[in-house]
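Engineer: let me see the structure of the following:
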Amino acid sequence: MVLIGFMMNILDARPRQILVDTDLDIDDVFALFYLLKQNRSEFDLQAITINANGWSDAGHAVNHLYDILFMMNRDDIPVGVGGEGGISLNGLIMPEVGGYLPIIDQRMSTEGGCRYRQAIPLGPRGRLDINTNYGLRKEFLPKGHRKYIPLKQASVQQVMKDAISSGPITVFLMGTHTNFALFLMANPHLKRNVEHIYAMGGAIRSTCPKGSDPSQPAACANIGNLFPLDSNPYAEFNFFGDPFAAYEVLHSGIPVTLVPLDATRTIPVDKNFFQAFERSRDTYEAQYCFQSLKMVRDTWFSDGFHENYYMWDSFMVGVALSDMRNQQNLEEENVFAEMEYMNITVVTSNKPYGVSDGSNPFFDGLPIPKFGLRSNGVHSGHVQMGMRDPFCKAEHKGTCQDGYTEEVTGPEAVRVLVATSAKPSQDTKSSLNKEFYESFLNVLNNPEQSGRFNITTQFPHYKEIVLKPDSDMKSTGKPVVFDMDMSAGDFLSLLYLLKVPRELIDLKGIIAGSTGWATAATVDIVYDVLHMMGRDDIPVGLGDAFAYEQADPTFPAIGDCKYRKAIPHGGGGFLDADTLYGLSRDLPSSPRRYTAENSMRFGAPRNTDRPEFRQPLAIDVWKSVIKSLDPAAKITILSNGPLTNLASIIHLKNSSSVIQDIYVVGGHVGNGNEKGNLFTVPCNKFAEFNMFLDPLAAKTVFASGLNITLIPLSMQRRVSSFPMMLNKLQVVNRTPEASLAHHLLATLWNLQQKHNRYHHMDLFLGEILGAVILASNTSRLNRIFEFKPLDILAEGDESKIGEIIIDEKQGKPVKILRSINEEAYYKHFAEVLGNEKQSAVSGWYGEPQIADTESQAGFRTSKRPLF
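Structural biologist: Have a look, this model is predicted:
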C-alpha cells in the first residue's frame, strides 16, 4: 500500500499535458498567452493544432502562431495545420484529413462549400482582421525561423496522434470541433488517453426571460450569437461551424466540461477591466494583447463594445486550469465560475427526420448512410444550407436549430459539467468585479516565462522606411492599373511589370482582389514585393470580398461562396497562395501593411489612433489614379483574376471614358475538343477559373463595349513549360527579383512532380503571358490576334457557368491572342527580370531587412505615410 501511495504521488507530481485546437481568433490568442504563461511543472502545453474551419485561414494562422511561439521561446511546441486526406462516400476517413470543411461536406479533396462558415464575415471584423490581427501581427511580433513549407508542414491529424499517443492528455477546444471529432472517429482506440475535454462553445439558456421554460426553445429567443439571427437564433459560432463534429465530441464518452455563451456573457470586457489592462502592460505578451483588444474596440461597429465583447476562450482556459488544479488538490469549487451538471446534446439537423430534401450529404443519394447513421435518427433531418436557407424561414417550419446545445432527457442526453456564470472578485476593494479579470492581468504581466522581444527589440536598428522612385524620374510610360487575385502567377506578373522600363509602363495602382486564389490578408505580400522593388509609392486597394450577388442582401459582411468553393483550401489552393508557397517570409518586410485603422471620413463609427494608415479600397485607388492622370491620358487595365473589381469600376460614373484598353487573362475559347481548367468542378468541361469565379462580373465586362484583349487559356497553356522558363532564368543575371521568380517557379514545378494536389501548377505559369503582351514592345514575340464576338454564360446550370461562347448576334467583338513565338517569350521574360535596371533596392530576396534602410541611388526615402 505504501508503494502504491508513493507511485500515486509521483504520478500526481507530473505536469498535466495539454493539447490545444484553436482557430486563432483574437480571444484564442489571449487564451494561448494565458496558458503559455503557466508554470510548466504544473501545466505543459504539448501541441497546438489549427482549426481552419472557423475565423482564420490556415496559411495566415500557422505563421501567426509560429511568431507567437517564437516570441515566447516555445519553438519546441509542434504545430499542426491542414492535411490532404478526405472522407470517402462510404464514410472511410483517410489519413491526414485536413478539417478545412465541416464533416458533413468533407469529401476526398479540400475544396467545398461554406454552408456554416458563411456566417463569419470575410472582410473587416471578420477573417481579414483575424488573419492579420487587425494589422498588428506584422507590426509587433518578432519573426522566427519556423514557417509553413508545402509538403513539410505537419498536419493536424499527425500532431494530434503524436501528442495523444504519448500518454494521458487533456484537450482544449477553442473553435469548431472538426479536427478533434475526425481524430476520435478515426482513432477510437486512443480515446482512453484523453483524460478530459474542455471546450468553449454552445449556448444553452443564454437569454431566456425570467420565468420561462428553458426546455421550450420558442421561449428563449436569440440564445446564440450568429448574425443575422433570423435563420438560426439558437447556435453559437463554434458549434454552428460543425454541429456534427460537436455532437461526436460530446457523445464520445470522454468527460467534457463546457463553457458556453451562458457563462461568457457574464464576463464582458467592461470599462474597468479595459482601463486596468491599459495600465498593466509590463510584458510583450500583455502589450500585444492590449493593442489587439484596443483595435477591436476602436473598430467596433457600435458604442456597445464593453457590453458585447466577452472573454470567451481565455475564460474557458481559466475555468479549465482551475478545475484541473482542483482535481490535483482534491478540491471541488472552481475559482472562476459557477458550475452545474446538465444533460445536453447538440442539434445537427431539423425535424422532420428521415426526409430527403437534398440538404444532407450523410443520407441523400446514398444506399447506406455515412458512418452507419440511423436512417430516421437525429442526424437525418434537414441540415441548414446557409444563412438564407428558405427552410429556416418557412412559416410552417420555423427557424433552424443546427448547432443548438439543447437540454434533453433520454438516450440523446449527455451529462456535462457546464459553467453557468463568472464568479465575482474575492477582493471586495478591487475595481475589477470578476475573479478571472484579476488572474488574467496578473498572469499576462508576470515576468516569469515572458516574451523575449518584439520585432523592434529583436532588431534594435530596424526602421520602417518608405521607398519611392526619385521625383525627378517621372515616368512617361503607359498608365497601367494591375487587377490581381494574388495567385503565384500574379506575383510573377507583378515582378515583370515593375521591371519593364518606366518609359514604357507606368504602374499607377494595384487592385488586390479576394474572389480568386488568395484571401484578402495576402495583400501584405503585395506590399512586401513592392517594398523590395523600391515602389512603396504605388497604391494598393483591396477589392470586393464577394463575387457579384453573393453578399448577403441585408448583412453584406457575410455571403455565399457559390463560385469560390471551386478553389482548394489546402495544398495548391488558399493555404499555399496565402503564404506564396512558403516564400512570403523570405521577402523584406514593408512598412506598409493591411491595417484595420479607419476614419470617420470613410464611414467608420469613430477615428482610430492612426486613421491616416487606413487600408484603401479598390475604388479609392481607382479614383486616385484618375486624379493623377495628365490631361487626355487614359488607363490600361490588366486583369489577372476574376473580373469582380473591374466590373465595379466600369459601373462608376465616367470610368469608361478614361479606360484605354483592358487586357483579360482568362477564359477559354475552344473548338469543342480542348477542355477548360476547372478541375474541381468536373461537370463543367469548358469553363476557365477566372470566368467561373465571378461569371456575372465577367458578363458585365465583356458587354461593356470597351476595348478588350483576351489572353485565353489555350495561349496560356502554350507558354506553361517549367523547364523552358527555368532554363532561361538560370542563364540571366541573378537579380533578387530573378532569384525570387526562379525559386517560386522551381517550387511550383517540384510540387507538381511530387503530389497530385499540385497537378495544376502550370495554370499559374501561364498567367504571366498577359503582362508580357501588354508591356512588351519587342517584335520578336510575333503576336497574332483575331477578333470574335464573345459572350459569357453567367447563369443556369453549373456545368455551363463561366463558359465563353461565340455569339454572332449579341456578342461583343473581343481581340483574342492566337499565336506567339514561345521561345522568344521565355527569353524575353527572363531577360527583363535579369536586367540590373529597376532592380530590388530594399535588401535582397531571402535576406529580410533587419537594419536601417539607407537611401538608394535613384530613390528617396521617407517615414511611413500610407495611401
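Engineer: name the element residue 790 belongs to?
Structural biologist: Here residue 790, judged by DSSP states H and E, is contained in strand 784-792.
Engineer: in contact with the residue lying closest to residue 736 once chain neighbours are set aside, which residues?
Structural biologist: Using C-beta to C-beta, 6 or more residues apart in numbering and skipping residues adjacent in sequence, the residue nearest residue 736 is residue 840, 3.8 Å away. In this view, the C-beta of every residue, glycine as well, is placed from N, C-alpha and C. Taking C-beta atoms under 8 Å, 6 or more residues apart in numbering, we find residue 840 in contact with 532-534, 735-737.
Engineer: kindly recompute the last result at 7 Å.
Structural biologist: 532-533, 735-737 (C-beta atoms under 7 Å, 6 or more residues apart in numbering).
Engineer: dump those to CSV, plus distance to residue 724 and secondary structure.
Structural biologist: Shown next, in CSV, are the contacts of residue 840 (distance: C-beta to C-beta, whole Å; DSSP: H, G, I helix; E, B strand; the rest coil):
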residue, distance to residue 724, secondary structure
532, 26, helix
533, 25, coil
735, 20, coil
736, 22, helix
737, 19, helix
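Engineer: so how far is residue 581 from the residue nearest to residue 736?
Structural biologist: According to C-beta to C-beta, to the nearest Å, residue 840 stands 19 Å off from residue 581.
Engineer: just residue 198 next, same as before
Structural biologist: 36 Å.
Engineer: do residue 530 as well
Structural biologist: Residue 530 is 19 Å from residue 581, by C-beta to C-beta.
Engineer: same check on residue 827?
Structural biologist: Distance from residue 827 to residue 581, by C-beta to C-beta: 25 Å.
Engineer: so these two - more neighbours on which side?
Structural biologist: residue 581 (26 against 20; other C-beta atoms under 10 Å).
Engineer: what residues are up against the more buried one?
Structural biologist: Contacts for residue 581 (C-beta under 7 Å, 6+ apart) come out as 150, 488, 744, 747-748.
Engineer: mind redoing it with 6 Å?
Structural biologist: For residue 581, the contacting residues are 150, 747, by C-beta atoms under 6 Å, 6 or more residues apart in numbering.
Engineer: over to residue 709?
Structural biologist: Counting by C-beta under 6 Å, 6+ apart, residue 709 has contacts 663, 815.
Engineer: which SSE is it in?
Structural biologist: Applying DSSP H and E, one finds residue 709 within strand 708-711.
Engineer: where does pLDDT dip in the stretch 401-550 of the chain?
Structural biologist: 471-474 (pLDDT under 70).
Engineer: strands along that one, start to end?
Structural biologist: Counting by DSSP state E, counting those that start in this stretch, the segments of the stretch 401-550 of the chain that form strands are 405-407, 414-422, 466-469, 478-484, 505-512, 540-542.
Engineer: adding neighbour count and distance to residue 769, write the contacts of residue 840 out as TSV.
Structural biologist: Shown next, in TSV, are these (neighbours: other C-beta atoms under 10 Å; distance: C-beta to C-beta, whole Å):
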residue	neighbour count	distance to residue 769
532	27	23
533	24	21
735	21	21
736	22	23
737	26	18
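Engineer: closest to residue 262 among these?
Structural biologist: Residue 262 has its nearest neighbour among these in residue 532, at 50.3 Å by C-beta to C-beta.
Engineer: worst-scoring helix or strand of the protein, pLDDT-wise?
Structural biologist: helix 2-13 (a mean of 47; mean pLDDT, DSSP states H and E).
Engineer: re earlier: need the three-state assignment for the residue nearest to residue 736.
Structural biologist: coil (DSSP: H, G, I helix; E, B strand; the rest coil).
Engineer: could you number the chain from 639 rather than 1 from now on?
Structural biologist: Got it, the first residue is 639 from now on, which makes the last one we talked about residue 1478.
Engineer: what's the spacing between it and residue 1167?
Structural biologist: The value you get for residue 1478 to residue 1167, if C-beta to C-beta is used, is 9 Å.
Engineer: which residues are in contact with each of the two?
Structural biologist: Joint contacts of residue 1478 and residue 1167 (C-beta under 6 Å, 6+ apart) do not exist.
Engineer: ends of stretch 1096-1104, how far apart?
Structural biologist: End-to-end distance for stretch 1096-1104, by C-alpha to C-alpha, to the nearest Å: 21 Å.
Engineer: mind jotting down where the helices sit in the stretch 939-1088 of the chain?
Structural biologist: Counting by DSSP state H, counting those that start in this stretch, the stretch 939-1088 of the chain has helices at residues 943-946, 950-967, 1073-1082.
Engineer: ok, which of those comes nearest residue 1471?
Structural biologist: helix 950-967 (45.8 Å).
Engineer: which other helices and strands contact the closest one?
Structural biologist: Using 3 or more C-beta pairs under 6 Å, 6 or more residues apart in numbering; DSSP states H and E as the contact criterion, the elements in contact with helix 950-967 are helix 664-674, strand 832-838.
Engineer: and among those, the most buried is which?
Structural biologist: Of all the helices and strands packed on helix 950-967, helix 664-674 carries the top mean neighbour count, a mean of 25, counting by mean count of other C-beta atoms under 10 Å.
Engineer: and it, what's its mean pLDDT?
Structural biologist: Across helix 664-674, pLDDT averages out at 98.
Engineer: so where's this structure uncertain?
Structural biologist: Ranges of the chain meeting pLDDT under 70: 639-651, 844-859, 968, 1033-1036, 1109-1112, 1480-1505.
Engineer: now with 50, please.
Structural biologist: Across the chain, the ranges flagged by pLDDT under 50 are 639-649, 847-850, 852, 855-858, 1486-1497, 1501, 1503-1505.
Engineer: contacts made by stretch 1040-1049 with the rest, please.
Structural biologist: 840-842, 872-873, 877-878, 881, 980, 982-985, 1022.
Engineer: with only the CA atoms kept, save that stretch in CSV.
Structural biologist: The C-alpha trace of stretch 1040-1049 is given here as CSV (Å, rounded to 0.1, in the frame of the first residue of the first chain):
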residue,chain,number,x,y,z
ASP,A,1040,-28.4,23.4,-36.2
GLY,A,1041,-25.7,23.7,-33.6
TYR,A,1042,-28.1,24.4,-30.7
THR,A,1043,-26.9,23.0,-27.4
GLU,A,1044,-30.1,21.7,-26.1
GLU,A,1045,-31.1,20.3,-22.7
VAL,A,1046,-32.7,16.9,-23.2
THR,A,1047,-33.6,13.7,-21.5
GLY,A,1048,-33.4,10.2,-22.7
PRO,A,1049,-30.8,8.4,-24.8
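Engineer: so which bits of it are buried?
Structural biologist: Across stretch 1040-1049, burial judged by 16 or more other C-beta atoms under 10 Å covers 1040-1044.
Engineer: with stretch 1081-1088 instead?
Structural biologist: 1081-1084, 1087-1088.
Engineer: same thing with stretch 1363-1372?
Structural biologist: Across stretch 1363-1372, burial judged by 16+ other C-beta under 10 Å covers 1363-1364, 1366-1367, 1370.
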